[in-house]
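K.L.:
Provided below are the primary sequence and the corresponding predicted coordinates.
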Amino acid sequence: MEQKISPVVQPQQLAALKQMPDFVLIDARAGAGMAEKYAAAHLQGALHVDLDRQLADIQPDAANGGRHPLPSPAQFAQVLMQVGISPDSHVVVYDDKNGANAAARFWWMLKAAGHPKVQVLDGGMDAAIQAGFPVNRGTETPANTGEYEITDWTLPLSDLEEVQQVTQNGTGLVIDVRDAARYRGEVEPIDLIAGHIPGATNIPFTDNLDAQGFFLAPDILRAKYEKALEGRNSAEVIVHCGSGVTACHTLLAMDYAGMDIPKLYVGSWSEWSRRDLPIATGVIA
């Protein structure tokens, strides 16, 4: 039985991994003009994936599935073939937001597709450059791979109906990983309405990181989340953010801590806030 690898890899380890024949490096930076930014500079050998076009199946109405609903497993399989990932590939993915932009989302999707060897680069692109990893310009050529078959998402998912039930009966735990000001409803830079799902508790994804932007040690993360879970099985906890992207950072952190991966509510606040459902502000008393 193959030994499980850590979901987080240190930048100093990247040069050695690059020598492996099945190694694939993925650039998951997102945002306006990213294609041009990738062409101007990216880690050597990295293939770019686009959050909006390849890691989501964006629909006209975010009230049904949120701003970044998952693509189908078959659609994601096509993406993997486009960037040269086979079932045997050892994949490392990075972004420029400490893993919270789209690197953790790609990690979750590949993990949920049943892929065993996938890691997120701790500290992201800047940390790798500081560690001496080379940078390229232009484009990269992916390896030629055969079909990658994915039949279903194998990691736990939640949906609007379950979140409603859990928050109404008060027996479960829903974690909102957005920053505290958005949770309290003081600001809302992206979605239409400010606030949070009633009953959800706020643990910002940034709490997973130290002052330098690297993941806290696994034992520290485990102690922090075990305290928050109050004896609950982490596999039954529901985690959300604005649109199901940064929530994956907390799923990654909990896996790094040696805990079961919680349920991802992909629709997140972007779906909930558009469905004329109860909305809370402030903090839980």
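P.N.:
Received the coordinates, thanks. In this text, all values refer to a predicted model and were calculated from it rather than measured experimentally.

K.L.:
Please make it C-alpha for all contacts and neighbour counts, starting now.
P.N.:
Noted.

K.L.:
Looking at the chain, which helix is longest?
P.N.:
Identified as the longest helix of the chain according to DSSP state H is helix 218-229.

K.L.:
Pull out the buried positions in that helix.
P.N.:
Residues of helix 218-229 classed as buried by neighbour count (16 or more other C-alpha atoms under 10 Å): Pro218, Leu221, Arg222, Tyr225, Glu226, Leu229.

K.L.:
Repeat that for stretch 149-166.
P.N.:
Residues of stretch 149-166 classed as buried by neighbour count (16+ other C-alpha under 10 Å): Glu149, Ile150, Trp153, Leu155, Leu157, Ser158, Asp159, Leu160, Val163, Gln164, Val166.

K.L.:
In helices, which of the residues you listed fall?
P.N.:
Per DSSP H, the buried residues of stretch 149-166 map to helices at Leu160, Val163, Gln164, Val166.

K.L.:
State the distance from the third one to Trp272.
P.N.:
Distance, Gln164 to Trp272, using C-alpha to C-alpha, to the nearest Å: 9 Å.

K.L.:
What of Gln165?
P.N.:
13 Å.

K.L.:
returning to that earlier point: could the buried residues of helix 218-229 be laid out in TSV, adding pLDDT and distance to Met34?
P.N.:
Listed next are those as TSV, based on pLDDT from 0 to 100; distance: C-alpha to C-alpha, whole Å:
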residue	pLDDT	distance to Met34
Pro218	98	32
Leu221	98	32
Arg222	98	34
Tyr225	98	34
Glu226	97	37
Leu229	96	37
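
K.L.:
Could you identify the most distant pair in the residues you listed?
P.N.:
Pro218 and Leu229 (16.1 Å; C-alpha to C-alpha).

K.L.:
quick one, helices of the stretch 151-285 of the chain?
P.N.:
160-169, 180-184, 218-229, 247-256, 268-272 (DSSP state H, counting those that start in this stretch).

K.L.:
The ones you listed: which one's closest to His48?
P.N.:
Among the helices of the stretch 151-285 of the chain, the nearest to His48 by C-alpha to C-alpha is helix 247-256 (18.8 Å).

K.L.:
one step back: specify which member of the ones in helices among the buried residues of stretch 149-166 is nearest to Ala28.
P.N.:
Using C-alpha to C-alpha, these come closest to Ala28 at Leu160, 27.2 Å.

K.L.:
and the closest one, what is it in contact with?
P.N.:
Contacts here follow C-alpha atoms under 8 Å, 6 or more residues apart in numbering; on that basis Leu160 touches Tyr265, Gly267, Trp272.

K.L.:
Do you know the pLDDT at the residue nearest to Met259 when sequence neighbours are not counted?
P.N.:
Nearest non-adjacent residue to Met259, counting by C-alpha to C-alpha, 6 or more residues apart in numbering: Ser234, 6.7 Å away. Ser234 is assigned a predicted lDDT (pLDDT) of 95.

K.L.:
All good on my end, thank you.
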